[in-house]
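J.: generate a structure from the sequence data that follows.
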Amino acid sequence: MAQPTGAALRTLAIEYKGIQEEPVEGFRVRLVNDDNLCEWEVAIFGPPDTLYQGGYFKAHVKFPPDYPYSPPTVRFLTKVWHPNVYENGDLCISILHPPVDDPQSGELPCERWNPTQTVRTILLSVISLLNEPNTFSPANVDASVMYRRWRDSKGKDKEYEKIIRKQVASSRLEAEKDGVIVPMTREDYCVKTKAPAGNALGSGVTAIVQLHG
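T.: Below you'll find the model as predicted:
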């Protein structure tokens, strides 16, 4: 596996430090291993006033060796029934697609990845996608059909909602195991959540960045 460039490590170190100092509301971000800047664990809290309220969804974000010129990948570890999440947990979202011209995709080049994007913009896009799935090119066709029925019936068709509620309840058990208090109100949700102190930018990572400097 190719080693990350020094530029990639420096960029990731800056982004990680920035998110620790100024977290994105509704998320908790930390490194999977303190000596590896290229793999992050993200905990996503379900936004209030949505089907996902009270949910605790964990995902891994993996960065390529030439980041930010190529996009990272996002894979949910927690089961998420969603039109834009594959069965294996991979997230399908335009912002993470390579910047190639593919007329068949239905996506504009400006909707795809470009080096000005950051982890912060990715996280905000994920929250937006949870609330408003893209059903035009779904990763999970069955979930997309159920979502459209739920949306078009204005909530009268409960099949989609029941699955989400069940997954939210299951995710809360995982939060209890992790010792995480899931925000339930809008006020609590808007409190910016920092990673535990032990997952700050560790000396091992600092040494890696310096080595590639």
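J.: quick one: buried residues of the helix ranked longest in the chain?
T.: Of all segments of type helix in the chain, defined using DSSP state H, the longest is helix 159-177. Residues 160, 163-165, 167-168, 171-172, 174-175 are the ones in helix 159-177 that count as buried (16 or more other Cβ atoms under 10 Å). For every residue, glycine as well, the C-beta is placed using N, CA and C.
J.: so what touches that helix?
T.: The contact list for helix 159-177 (Cβ atoms under 8 Å, 6 or more residues apart in numbering) reads 46, 51-58, 78-81, 143, 146-147, 149-150, 155, 181-182.
J.: immediately after that helix, which helix or strand?
T.: Downstream of helix 159-177, the first helix or strand assigned by DSSP states H and E is helix 186-189.
J.: rounded mean pLDDT for that following helix, please.
T.: Averaging pLDDT along helix 186-189 gives 84.
J.: just the helices in this protein please.
T.: 6-21, 119-131, 141-152, 159-177, 186-189, 203-211.
J.: distance to residue 35 for those helices - can I get that in a markdown table?
T.: Below are the helices of the chain laid out as a markdown table (distance: least, Cβ to Cβ, whole Å):
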| stretch | distance to residue 35 |
| --- | --- |
| helix 6-21 | 12 |
| helix 119-131 | 19 |
| helix 141-152 | 37 |
| helix 159-177 | 25 |
| helix 186-189 | 32 |
| helix 203-211 | 4 |
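J.: out of those, name the one with the poorest average pLDDT.
T.: helix 203-211 (a mean of 47).
J.: follow-up on the earlier one: report the angle between the longest helix of the chain and helix 119-131.
T.: On the basis of axes from the mean of the first three to the mean of the last three Cα atoms, to 10 degrees, helix 159-177 is oriented at 130 degrees to helix 119-131.
J.: got the CA positions of helix 159-177 in CSV?
T.: What follows is helix 159-177, C-alpha atoms only, in CSV (Å, rounded to 0.1, in the frame of the first residue of the first chain):
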residue,chain,number,x,y,z
GLU,A,159,-42.2,0.8,6.7
TYR,A,160,-39.2,3.1,6.2
GLU,A,161,-39.7,4.9,9.5
LYS,A,162,-40.0,1.6,11.5
ILE,A,163,-36.6,0.4,10.2
ILE,A,164,-34.9,3.7,11.0
ARG,A,165,-36.4,3.8,14.5
LYS,A,166,-35.2,0.2,15.1
GLN,A,167,-31.7,1.1,14.0
VAL,A,168,-31.6,4.2,16.1
ALA,A,169,-32.7,2.2,19.2
SER,A,170,-29.9,-0.4,18.5
SER,A,171,-27.3,2.4,18.0
ARG,A,172,-28.1,3.8,21.4
LEU,A,173,-27.1,0.5,23.0
GLU,A,174,-23.7,0.9,21.2
ALA,A,175,-23.5,4.4,22.6
GLU,A,176,-24.0,3.1,26.1
LYS,A,177,-21.1,0.6,25.6
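J.: pull the longest strand from the protein.
T.: Identified as the longest strand of the chain according to DSSP state E is strand 36-45.
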